[in-house]
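Visitor: need a 3D model of the sequence below.
(chains A and B)
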Amino acid sequence: MKTRRITALLLAGAMGLALAGCGGDAARTPAPQETLQQGPTVRPNEITVAIAQDLDDSLDPHMTVAAGTKEIMFNVFEGLVKPTPDGDLVCAVASDYTVSDDRTTYTFTLRDGVRFHNGQTVTAEDVVWSIRRCADVEGGSSLVEAFSAVTDVTANADGTVSITIAEPDNEFFSSLTAAILPRDYADQATAPVGTGPFRYVSRSAQDNVVLERFEDYWGTPAKLDRVTLKIMENPDSILMSLQSGAVDLCAHMTSNRAAQLGEDFNIAEGTMNLVQALYLNNGAEPFDDLRVRQALCYAVDREQILDLAFDGYGSLIGSSMYPAFGKYFDDSLTNYYTHNVDKAKALLTEAGYPDGFEMTITVPSNYTPHIDAAQVIAEQLKAVGINAKLELIEWGAWLSDVYSGRQFQSTVVGLDASTMTARALLSRFESTAKRNFVNYVNEEYDALYRQAQITYDDAEQTRLYKELERNLTENAVNVYIQDLADLVAVRKGLEGLQFYPIYVLDLSTLGWVK
Amino acid sequence: MKRRNGCLTAGLLLTGFMVLVILAGFFRTPYDPAAMATGPKFDAPSLEHLLGTDGFGRDIFSRVLQGAGNTLSIALATVAAGAVCGTAAGAVTGYFGGWVDRVLTRLNDALTAFPSILLALVIISIVGPGKKYNVVLALGLAFIPGYARIARTAFASLREANYVKSAQLMGASHWRILWVHILPNTLPVLLPALTIGFNNAVLAEASMSYLSIGVTPPDASLGYMLSEAQSMLTVAPWYALGAGGAIILLVFGVGLIGAGLQSRDKGVV
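Guide: So this is what the prediction gives:
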């Protein structure tokens, strides 16, 4: 009895203390010293960004696999060169470079006074160590693949660094965005150190990652003092946090969630840099017939797909290239096929299917945008007599059955580019390519592709890549739909968001408007 | 003294009404449930679209009819499969006892240790998603242990009843005793279990489609519609209400029947 009464007293006391604590907190917001220095109306120069997945991958940039981790760590690391929003490459840790006449040796002059986040100055030895580390594949297959062509890396007497590759390759340069790291620093995986505009401060698992401006950055410094990346897996709680003011920015919103945000937010529209299409198995009936494939292209109304399934957001495409790749994108192909039911029916009749046929569209069940697009396509195909059934399968099953096993009729997915090159998108359609899961076999395409690979004149190579895109469109290899919109909710007053043709979120240009 | 059984009457009326509407939906719906752009997107309920339209401009009422039809047929088939197999297993174990009983009951215990929806998920991932009969197979299998347990208890307790003993003395076969003498007397226990099982099957099918491993779109399913409606609660609340309402009415009606049956057997209204 007595113990129970004591417990009750203790509990009452604890509650009283808790209440007092609450009162104290309320009176102390915002923190007193800040109030004195800045006045209550000045907001701290920092933002909170919601991200959908934890950075539970290795934070070592040479080991990172997850796209979501790379997207954020783009702010912490830099290579000899780095990408720009237009899809170009500019010098970063290097200040200048020359290419030898036989196009196999790249010589980089290092920029003066580039510092790592730990205060050390970047030396030629660091660069050599970093490139060697990528090339040697020490400790994991995720080290940059293109570096397998590297035969030699040397620090020259004049402070420059030479990288030699086995044979000329125009695309190699784009892989030099691989991060430069301080040599012999062992804790990259958990406490990364790079040269980027933000330095890594801390990560608390399943909760947040904190970045702060790197004051000794060689280039234009970041505008914000501090960025907190809040990990929120549930999109509905992201929506609520945005509305309540706890989060200032969130990328990859769906259109209907973005529409619920209201007055406090601007919705910036970029692109996901994906080629979303109804991919057809060109190696099996009925899609081995050009006329059937073309009929599908005419039967599908892409404008309606965007309207119904994507609230009108998205950019139409006509071949395996997306608009953000301005240099390679050929806009004249976008409307090569326009919605025309009569033409589609005529082509089907010619091909011997006057009453249409049955087909299956396989869709990975975890990607709502692809399921939605497939639903609209199935409905549109009814108009030409084609009865399309959806088959939803797990992502793992999709990879093994459809992508590797090529056991499918048609599938709706989005394919992306692993590097910033046209080759990343077009190489898969060469007859013998391992990733040619649509079984496209076309001699003209193969010849053009081979020619593009041995052409070192940039303009001529670009022309050849565009020829390849036209080949894909004219042969109706797939029913190309769109590059999905990437909607970013940005609190009003926060400006400077830039989109890149690769999957990154650049935080350094963001800042509050005074 | 004969008193009216309010629960049973209300349940039969509600369920009868729902089944009639759903049956009518098999033959005719106001719009083709898959037809898109029949009106503006997210149109509020009106005379043209009784429950409004969804994000593709499809008529929600037509889709609720089709979805409820799918759900109803899956739930009925599931209950039938689960109840027949479960009762048979329970009858044999309960009546004969012995090592058969011990083995099957332990097996049953093991199966019961998994939540039935989880068990169904495992089965679906083995047989492959997206086919109606696979959903029935998965849910039916997952529901067997529950029925077996109830049937076993009922049969075990009636095994010692005097009329069973006299039937045995008269030389009736085990088969006849099981199905002709005991089974009818277990109905007061089994029938409410059937109604509860039906409701569980409706909800389980809805959850499976919600997790998009049940009915494949564009075929409508109440569960899948709910999962779509979730992110549009503030834009189009009628979407969630239409699909959710259909589930509630179906489950509530059958639930009332179950409650009515139980109270009738206890002599309480």
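
Visitor: and B:A240, what does it touch?
Guide: For B:A240, the contacting residues are B:226, B:229-230, B:232-233, taking CB atoms under 8 Å, 6 or more residues apart in numbering or on different chains as the criterion. All C-beta atoms are positioned from the backbone trio N, CA, C, and that covers glycine.

Visitor: which helix or strand contains it?
Guide: Secondary structure assigned from DSSP states H and E places B:A240 in helix B:237-266.

Visitor: spell out which residues of chain A are next to chain B.
Guide: Where chain A comes near chain B, counting by CB under 8 Å from any CB of the partner chain, the residues are A:235-236, A:254, A:256-257, A:259-260, A:304, A:308-309, A:311, A:365, A:371-372, A:375-376, A:378-379, A:389-394.

Visitor: any of those buried? List them.
Guide: By the neighbour-count criterion of 16 or more other CB atoms under 10 Å in any protein chain shown, the residues of chain A next to chain B include these buried positions: A:235, A:254, A:256-257, A:259-260, A:304, A:308-309, A:311, A:365, A:371-372, A:375-376, A:378-379, A:390-394.

Visitor: all helices for the chain, in order.
Guide: Reading this off chain A. With helices called from DSSP state H, chain A shows them at A:2-27, A:32-38, A:67-73, A:124-136, A:235-244, A:255-259, A:290-299, A:302-310, A:341-350, A:368-381, A:395-397, A:423-426, A:443-453, A:458-474.

Visitor: not what I meant, chain B
Guide: Along chain B, the segments classed as helices by DSSP H run B:6-27, B:60-96, B:98-112, B:116-127, B:132-158, B:162-169, B:174-176, B:183-210, B:222-230, B:237-266.

Visitor: nearest approach to A:R199 belongs to which of the ones you listed?
Guide: Nearest to A:R199 among the helices of chain B is helix B:222-230 (39.1 Å), distances taken as CB to CB.

Visitor: show me which residues of chain B sit near chain A.
Guide: Proximity of chain B to chain A is assessed by CB under 8 Å from any CB, with B:34-37, B:41, B:55-57, B:125, B:129-130, B:212-213, B:216-218, B:230-232, B:234-235 identified as the residues in range.

Visitor: low-confidence ranges, chain B, go.
Guide: By pLDDT under 70, the low-scoring segments of chain B are B:1-4, B:129-130, B:212, B:265-269.

Visitor: find the residue at the geometric middle of it.
Guide: With distances taken as CA atoms, centre = their mean, chain B has B:F198 as the residue nearest its mean C-alpha position (2.3 Å).

Visitor: can I see the domain layout of chain A?
Guide: Chain A resolves into domains spanning A:2-27+A:55-175, A:198-270+A:487-512, A:275-483 when parsed by automatic domain parsing.

Visitor: what average pLDDT does the second one get?
Guide: This means domain A:198-270+A:487-512. Model confidence over domain A:198-270+A:487-512 averages 90 on the pLDDT scale.

Visitor: might you calculate how far it sits from the centre of the chain?
Guide: 15 Å (CA atoms, centre = their mean, to the nearest Å).

Visitor: worst mean pLDDT among the domains of chain A?
Guide: Ranked by mean pLDDT, those end with domain A:2-27+A:55-175 in last place, scoring a mean of 78.

Visitor: any figure for the gap between the residue in the stretch 51-200 of chain A that chain B sits nearest to and A:Y200?
Guide: When you check the stretch 51-200 of chain A against chain B by CB to the nearest CB, the closest residue turns out to be A:A52, at 14.0 Å. As defined by CB to CB, to the nearest Å, A:A52 lies at a distance of 20 Å from A:Y200.

Visitor: these two - which one has more neighbours?
Guide: Summary of the neighbour comparison: A:A52 and A:Y200, criterion other CB atoms under 10 Å in any protein chain shown, with A:Y200 having more neighbours (24 against 14).

Visitor: correct me, but the more buried one touches A:D60?
Guide: No: contact between A:Y200 and A:D60 fails when scored by CB atoms under 8 Å: they sit 11.4 Å apart.

Visitor: now do the shared contacts for these two.
Guide: Among the neighbours of A:Y200, those also in contact with A:D60 (CB under 8 Å, 6+ apart) are A:P192.

Visitor: look at the residue in the stretch 51-200 of chain B positioned nearest to chain A and say how many residues are nearby.
Guide: Across the stretch 51-200 of chain B, no residue is closer to chain A than B:F56, which sits at 4.8 Å (CB to the nearest CB). By the other CB under 10 Å criterion, the neighbourhood of B:F56 contains 23 residues.

Visitor: give the contact list for whichever residue of the stretch 201-350 of chain A sits closest to chain B.
Guide: In the stretch 201-350 of chain A, the residue found nearest to chain B is A:L308; the distance is 4.8 Å by CB to the nearest CB. Residues near A:L308 by CB under 8 Å, 6+ apart: A:376, B:36-37, B:41, B:55-57.

Visitor: A:L316: which of these is nearest?
Guide: A:V376 (14.1 Å).

Visitor: what's the spacing between A:C134 and A:E469?
Guide: Distance, A:C134 to A:E469, by CB to CB: 31 Å.

Visitor: ramachandran coordinates for A:D301?
Guide: Comment: the main-chain dihedrals of A:D301 come out as phi -100, psi 100, following degrees, to the nearest 10.

Visitor: what's the neighbour count on the nearest residue to it once chain neighbours are set aside?
Guide: The spatial neighbour of A:D301 that comes closest, neighbours along the chain excluded (CB to CB, 6 or more residues apart in numbering or on different chains), is A:H339 at 4.0 Å. Neighbourhood size, A:H339 [other CB under 10 Å]: 16.

Visitor: ditto for A:W218
Guide: Using other CB under 10 Å: A:W218 sits among 18 other residues.

Visitor: can I assume it is in contact with A:T195?
Guide: Yes: in terms of CB under 8 Å, A:W218 counts as a neighbour of A:T195; the distance is 7.4 Å.
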